[in-house]
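K.L.:
Next come a sequence and a model predicted from it.
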Amino acid sequence: MIVGLMKLLIVACLIVLPGTAAAAKPVVASACYRAADAVPCFIAAAKLKLKQVTRGDDRADAVGEILYTLAATNGRDAAMVQAATELAASRAVRPVKQMDLFYALDLYASAADTSAQPTYVAALGRFAALEKELKGNAQVELYVNACSIIAWQEPFGERWHDFARSVCAPAKLQALKPDNGVYQALLLAMLPVAATLAADRDAFAASTDYALLWLHASEKAAAKSKKGGDKDFVAFIGVLIHTMNSLCLDAFDEPDAADDEIDVSLKVLRRMELRVGVSGRSTPLRRQVVESLFYTGREAAAKEMLGQMLKRVDGDTAGRVIPFAEQIAILLLAAKLEYDERHDSERLCVPDGGVEI
């Protein structure tokens, strides 16, 4: 989830290209459910596919997601820490992607020691430097990623909440100067998040209304366009706005309204998949919807949609339909959901007054 939102933007705005390396020995992802422990099986499959991801930014995305998943599932891997550290200092990786790795390194460290400070301080320092260094779209992307902290699982979201609230603030977002309409749309989608972090329900309602007016007008324009890229981008923004609104409404303790927003995002996804199928153009959106469904109690629907993606991963060993970096993200999502479902079940089995181990 660390880089999920901005990967959606990349898919929406650029042509998805497969990895350049030769495919390794195929991994049957769906077979992990039959393994003794599905979680390390999915993570191992993701790590194996990392060998096929060669471009710097894509590799940074994948390594960051692996570290986040390890942190969320109590896994450890010193080699991944080393890879993230090297990529965070690599000139082949864009500064904003380097920042994502600083986040990931801190979350990984905090999973083992909640009082860990060096990685947190390092991430704060890197953000402060980039805040001054970056301009235009790159600066917008930096702030959008900070706003997306609202979607992090606990205790990670709690650890970074104060930072997110101070950075993803309405006044700061409104002061940014994007270079084009694409990034202006991203800011529109994030303003409700900023209002939520500020605990301002009225500002949330106003910014949501404005974003939805823009979205409805864009959907009408895209429906008349013959360009698939226009339709993909509007679908991206639609899923982003509605899934973020769902998180915000949940924060304001409005679960029914939050569920309605997820249903709308699912409809947007379905319309897109009628055009492009379950492919690398749609799976980043699908992952966001799957996660939203799962964490709002609709596990069966979420796992059905996830299973469809895993089948595509199994059948695409060359990374032609779904790029390898995206395949890794799908496998890691499977690991996280399996881990959380198993641990929720274990907690339910603890009797009243019992001790959970």
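P.N.:
Cool, got the structure.

K.L.:
how about low-confidence regions in the chain?
P.N.:
Within the chain, the stretches with pLDDT under 70 are 1-27, 345-357.

K.L.:
now stretch 140-156: how far from the chain's centre is it?
P.N.:
For stretch 140-156, the separation from the chain centroid amounts to 9 Å (computed by Cα atoms, centre = their mean, to the nearest Å).

K.L.:
swap that for stretch 110-121, sorry
P.N.:
For stretch 110-121, the distance to the chain centre is 22 Å (Cα atoms, centre = their mean).

K.L.:
now do stretch 268-288
P.N.:
On Cα atoms, centre = their mean, the centre of stretch 268-288 falls 15 Å from that of its chain.

K.L.:
So which bits of that stretch are buried?
P.N.:
The neighbour-count check on stretch 268-288 (16 or more other Cβ atoms under 10 Å) flags 268-269, 272-273, 276, 278-288 as buried. The way it works is simple: take the backbone N, C-alpha and C, and place the C-beta from them, glycine included.

K.L.:
Same question for stretch 45-64.
P.N.:
Applying 16+ other Cβ under 10 Å to stretch 45-64 flags 45-47, 49-50, 52-53, 56-64 as buried.

K.L.:
Check the offset of stretch 262-278 from the chain's centre.
P.N.:
That offset, for stretch 262-278, works out to 17 Å (Cα atoms, centre = their mean).

K.L.:
Pull out the C-alpha coordinates of it and format them as PDB.
P.N.:
Extracted in PDB, the C-alpha atoms of stretch 262-278 (Å, rounded to 0.1, in the frame of the first residue of the first chain):
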ATOM      1  CA  ILE A 262     -16.600   1.100  -2.100                       C
ATOM      2  CA  ASP A 263     -19.600  -0.100  -4.100                       C
ATOM      3  CA  VAL A 264     -19.200   2.900  -6.400                       C
ATOM      4  CA  SER A 265     -15.500   2.200  -6.900                       C
ATOM      5  CA  LEU A 266     -16.300  -1.400  -7.700                       C
ATOM      6  CA  LYS A 267     -18.700  -0.200 -10.500                       C
ATOM      7  CA  VAL A 268     -16.000   2.000 -11.900                       C
ATOM      8  CA  LEU A 269     -13.600  -0.900 -12.000                       C
ATOM      9  CA  ARG A 270     -16.200  -3.200 -13.600                       C
ATOM     10  CA  ARG A 271     -16.800  -0.700 -16.400                       C
ATOM     11  CA  MET A 272     -13.100  -0.400 -17.100                       C
ATOM     12  CA  GLU A 273     -12.600  -4.200 -17.100                       C
ATOM     13  CA  LEU A 274     -15.300  -4.500 -19.800                       C
ATOM     14  CA  ARG A 275     -12.800  -2.700 -22.000                       C
ATOM     15  CA  VAL A 276      -9.400  -4.000 -20.900                       C
ATOM     16  CA  GLY A 277     -10.100  -7.200 -19.000                       C
ATOM     17  CA  VAL A 278      -8.200  -8.200 -15.900                       C
END
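
K.L.:
Identify the farthest-apart pair in the buried residues of stretch 268-288.
P.N.:
V268 and G280 (17.6 Å; Cβ to Cβ).

K.L.:
Going along the chain, name the helices of the stretch 201-350 of the chain.
P.N.:
201-224, 228-251, 255-276, 283-294, 299-314, 324-348 (DSSP state H, counting those that start in this stretch).

K.L.:
Of all these, which one comes closest to D162?
P.N.:
Nearest of these to D162, taken as Cβ to Cβ: helix 228-251 at 15.0 Å.

K.L.:
Secondary structure element holding the closest residue to A251 other than its chain neighbours?
P.N.:
Using Cβ to Cβ, 6 or more residues apart in numbering and skipping residues adjacent in sequence, the residue nearest A251 is T196, 5.2 Å away. Under the criterion of DSSP states H and E, T196 resides in helix 181-197.

K.L.:
before we move on, back to that, roughly how far apart are the residue nearest to A251 and I322?
P.N.:
Counting by Cβ to Cβ, to the nearest Å, the separation of T196 from I322 is 32 Å.

K.L.:
One more: Y183?
P.N.:
According to Cβ to Cβ, Y183 stands 26 Å off from I322.

K.L.:
neighbour count winner among these two?
P.N.:
I322 (25 against 21; other Cβ atoms under 10 Å).

K.L.:
Need the nearest residue in space to that one, chain neighbours excluded.
P.N.:
The shortest distance from I322 to any non-neighbouring residue, by Cβ to Cβ, 6+ apart, is to G280 (4.4 Å).

K.L.:
Need phi/psi at that neighbour.
P.N.:
Phi and psi for G280, reported as degrees, to the nearest 10, are phi -60, psi -20.

K.L.:
I figured it hits A329, correct?
P.N.:
No. Taking contacts as Cβ atoms under 8 Å, G280 lies outside contact range of A329: 10.5 Å.

K.L.:
what's the helix or strand for A199?
P.N.:
Using DSSP H and E, A199 falls outside every helix and strand.

K.L.:
Now do the phi/psi pair for it.
P.N.:
Dihedral angles (degrees, to the nearest 10) for A199: phi 60, psi 40.

K.L.:
Tell me which of the helices of the stretch 201-350 of the chain approaches L87 most closely.
P.N.:
Closest approach to L87 among the helices of the stretch 201-350 of the chain (Cβ to Cβ): helix 324-348, 12.9 Å.

K.L.:
Tell me what angle the closest one forms with helix 299-314.
P.N.:
Helix 324-348 and helix 299-314 are oriented at 150 degrees to each other (axes from the mean of the first three to the mean of the last three Cα atoms, to 10 degrees).
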